[in-house]
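# Build me a structure from this.
(chains A and B)
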Amino acid sequence: MHGLFAALTLEDFIARTISSLTKIPADSDTLLLIAFLAAAFTHAGLLLGLFGGLPVFYIWLERKVAGRIQDRLGPTRVGGSFGWLQTIADGIKLIQKEDLVPKDADALVFRMAPYLATIASFAAFMVLPISDGWIAVTAECGAFLILALMSLEVLGIILAGYSSGSKWALFGAMREAAQMVSYEIPMAICALIPLMIAGSLNFQVIGRMQSGGFWNWFILHDPFTFLAFFCYFTVATASVKRAPFDLAEAESELVAGFHTEYSGFRWSIFFLAEYSSMFAVSAVAAILFLGGWHDGLGIDSVIDSLFRGTGTGIIEGFSLGSYVANVFGAVVLITKACLLVFVQIWVRWTLPRLRIDQVMTTCLKYLVPISCFLFLAAVLWPLTLVTMFSRPVIAGPALGERALSQQKGSSIDASERLGAAR
Amino acid sequence: MIEQLLFYTFAILTCGGAVAVVATQNVVRMAFWLVVSLGSVAALFFLLHADFLGAAQLLIYVGGTVVLLVFGVMLTASGPYTTIKTSPAEGIIGAAVGIMLLLVLLSSIGGVDWVSVSGRLPSTPQSPFTADSVREAHAEESLVNSGSTKAKTDLAAVQQQGRTVRQLGLSFLGLRPDRNLKEGGANGLAPAYFLPFEIVSVHLLVVLIGAAYLARAKRRAVSEDRVSLD
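Model (predicted):
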């Protein structure tokens, strides 16, 4: 098990450091409170950096890819010839704009709706592991929790559209509501397939089960998970209302859909929420199907063997090896998620938008039955293999055995941690 | 201390949101305040380390019920903002029911001997990460030293502690590992929730089919059953 602070949480670490520096007893209430707040703000700041930083990159990428697909150059001026700083310039421009509330709008709900969408999107980042040891909240039911949190974003969109007091916004919101209520079903069923294979809702457990080569990834576990990945990705694209499912926005029909009446900062945080949700669903796809923070080529095991035994060095509870492994894992996971986001952008600028009835047909007549069939087939697959070849997987050790060996490894870690804690 | 602070924050948000739901007349504002109230209840569950319950609360009530409520209002509203006016009589009846419920709750809360109950709670909440590993290692040590079945069940109990998702799932499948470990399987398997779970599932299926039947467009000679949603 890798962890930045293998024996200590950041809170413990700060409390001990302060108490050793200032001779205040480590269990005094004020010191614990200070340590808790410092740790909480550090974690929240790191997550906010990710939450705010990735959309800045994705919006630039979107404009650049859109330009290239349409045989243009995209942004070229701000920040060198690649237009790196275009999003920052846009952001500064947007913040300067007047914060308008239309006369017909329900002012309270109109003002709060963007925050609701953004908070829901940000909350999903709390339970999303960026690397094996880097997760803000280790929930035993993380996958369930992230599905619940991501389903809240739609509420902000619906309330925004409804409270705008505008027909365009209302139509956008109604389409979004109809779309989301339907698409949550196949999304949950598709996500259930790898969860069922792993037998856990814990993202860390799911990620660890896919360690080793890329043939251990759940997408290659059986033919049905392979199909389930594409099904999940389609539904996830729809659930973050990206083209060809961007009915809520539909610039060519509804002016700008649910955010027609918004301006300035509130308008821009809708996009912050949208682009970071794109990352969140892609990262979930990467963890559930594509091996999470494991590169699948064995580079992480090389890093592991290089830094094994460097142990706890200068700072108590801090191990360089696990830090490097975590950084590498984070890079791998973010790269995978960014590739999936790139596919979403690519699809947006390639495919035309569906009509609302086509969107509903796609979901209710095709995606729901397909995902149900895939789920059933993925349940029956190991049973069929057991009856025919008397082993639950085609090649390699069964998942249960792999999980057991992982558990043994982690129990050794636990005693090491205990030793360090003493 | 920080738990206390967070508890009071979310408790105030829960109650304030609930009061605001009753006080406002605009349905969509009610929905907004309902989100605040229900979301704070979920936060209280998270504070109590009941992650699964909190997630279920968010998924079912905030993400499901409120979305359906707003959706329904949007589809059926005739004016721009639907408002609900309550008559004074309704207000009195509602207040009477509310006060009676409050009295029942207060009397039942007063009836509990909190001093003896609080003795059963773990005294100091440690950070779960360190606490778990320390306790697990202790249990492992005693298992290695004694090798008794008591130590074995202790280890299993410690490993299960604070991780309720697996237990919940197993108990819906008809297994109660916590009970069975303690009773040693002498009385056979402890009863679990397989039958209630199945009954509820079939019930939901019946409701779903019934709703689909009721909502089905009546077929006419001209196919008008293509209802566009916008």
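# and chain B, what are its domains?
For chain B, automatic domain parsing gives the domain ranges B:2-97, B:128-162, B:170-214.
# Name the residues that touch the helix or strand hosting residue B:94?
Counting by DSSP states H and E, the element that carries residue B:94 is helix B:88-110. For helix B:88-110, contacts defined as CB atoms under 8 Å, 6 or more residues apart in numbering or on different chains pick out B:22, B:86. C-beta here means a position set from N, CA and C on the backbone, and glycine is covered the same way.
# Does residue B:176 touch residue B:168 like I think?
No: Residue B:176 lies out of contact with residue B:168 (CB atoms under 8 Å); the separation is 10.7 Å.
# Any regions of the stretch 51-200 of chain A where pLDDT drops low?
Along the stretch 51-200 of chain A, no part satisfies pLDDT under 70.
# neighbours of whatever residue of the stretch 151-300 of chain A ends up closest to chain B, just the number please.
Per CB to the nearest CB, residue A:151 is where the stretch 151-300 of chain A lies closest to chain B, at 3.8 Å. Neighbour count for residue A:151, taken as other CB atoms under 10 Å in any protein chain shown: 24.
# Contacts only, for it.
By CB under 8 Å, 6+ apart, the neighbours of residue A:151 are A:180, A:184, B:58-59, B:63-64, B:67.
# need the residues you listed in a markdown table with secondary structure, can you?
Shown next, in a markdown table, are the contacts of residue A:151 (DSSP: H, G, I helix; E, B strand; the rest coil):
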| residue | secondary structure |
| --- | --- |
| A:180 | helix |
| A:184 | helix |
| B:58 | helix |
| B:59 | helix |
| B:63 | helix |
| B:64 | helix |
| B:67 | helix |
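# among those, which ones are buried?
A:180, A:184, B:58-59, B:63, B:67 (16 or more other CB atoms under 10 Å in any protein chain shown).
# so which of those residues comes closest to residue A:223?
residue A:184 (25.4 Å; CB to CB).
# if I read this right, the closest one contacts residue A:238, doesn't it?
No: using CB under 8 Å, residue A:184 makes no contact with residue A:238, being 10.0 Å away.
# How is chain A partitioned into domains?
Looking at automatic domain parsing, the domains of chain A come to A:1-44, A:97-421.
# what's the most buried one of those?
domain A:97-421 (a mean of 20; mean count of other CB atoms under 10 Å in any protein chain shown).
# that older thread, weakest of the domains of chain B by average pLDDT?
For the domains of chain B, the weakest mean pLDDT is recorded on domain B:128-162, namely a mean of 52.
# Contact residues of the stretch 1-150 of chain A facing chain B?
Where the stretch 1-150 of chain A comes near chain B, counting by CB under 8 Å from any CB of the partner chain, the residues are A:7-9, A:11-12, A:29, A:32-33, A:36-37, A:104, A:106, A:108-109, A:112, A:116, A:138-141, A:144-145, A:147-149.
# Mind checking which of these land in strands?
Among these, DSSP state E puts none in strands.
# How about the contacts made by residue 40?
Looking at chain A here, since you left the chain open. By CB under 8 Å, 6+ apart, residue A:40 has no neighbours at all.
# should've been chain B
If you count contacts by CB under 8 Å, 6+ apart, then residue B:40 has B:10-11, B:13-14, B:17 around it.
# Likewise for residue A:232?
Residue A:232 neighbours (CB under 8 Å, 6+ apart): A:187, A:190-191, A:285, A:288-289.
# picking up where we left off before, please report how far the residue of the stretch 151-300 of chain A closest to chain B lies from residue B:29.
Distance, residue A:151 to residue B:29, by CB to CB, to the nearest Å: 22 Å.
# Likewise for residue A:39?
37 Å.
# of the contacts of residue A:232, closest to residue A:215?
Of the contacts of residue A:232, the one sitting nearest to residue A:215 (CB to CB) turns out to be residue A:289, at 13.2 Å.
# so what's that closest one scoring on pLDDT?
At residue A:289, pLDDT is 89.
# Hmm, residue A:217 and it touching each other?
Yes: counting by CB under 8 Å, residue A:289 touches residue A:217, with 6.7 Å between them.
# So for these two, which residues contact both of them?
Residues touching both residue A:289 and residue A:217 (CB under 8 Å, 6+ apart): none.
# For the residue nearest the centre of chain A, which non-adjacent residue is spatially closest?
With distances taken as CA atoms, centre = their mean, residue A:280 lies nearest the centre of chain A, 2.1 Å away. Using CB to CB, 6 or more residues apart in numbering or on different chains and skipping the chain neighbours, the partner closest in space to residue A:280 is residue A:124 (4.6 Å).
# gap between that neighbour and chain B?
When distance is defined by CB to the nearest CB, to the nearest Å, residue A:124 is 11 Å away from chain B.
# Report the separation between the two terminal residues of stretch A:242-250.
10 Å (CA to CA, to the nearest Å).
# Run the chain-centre distance for it.
Stretch A:242-250 has its C-alpha centroid displaced from the chain centroid by 20 Å (CA atoms, centre = their mean, to the nearest Å).
# what do you get for stretch A:370-377?
Relative to its chain's centre, stretch A:370-377 lies at 24 Å (CA atoms, centre = their mean).
# Check whether it comes near chain B.
No: Stretch A:370-377 stays out of contact with chain B when judged by CB under 8 Å from any CB, the minimum separation being 13.5 Å.
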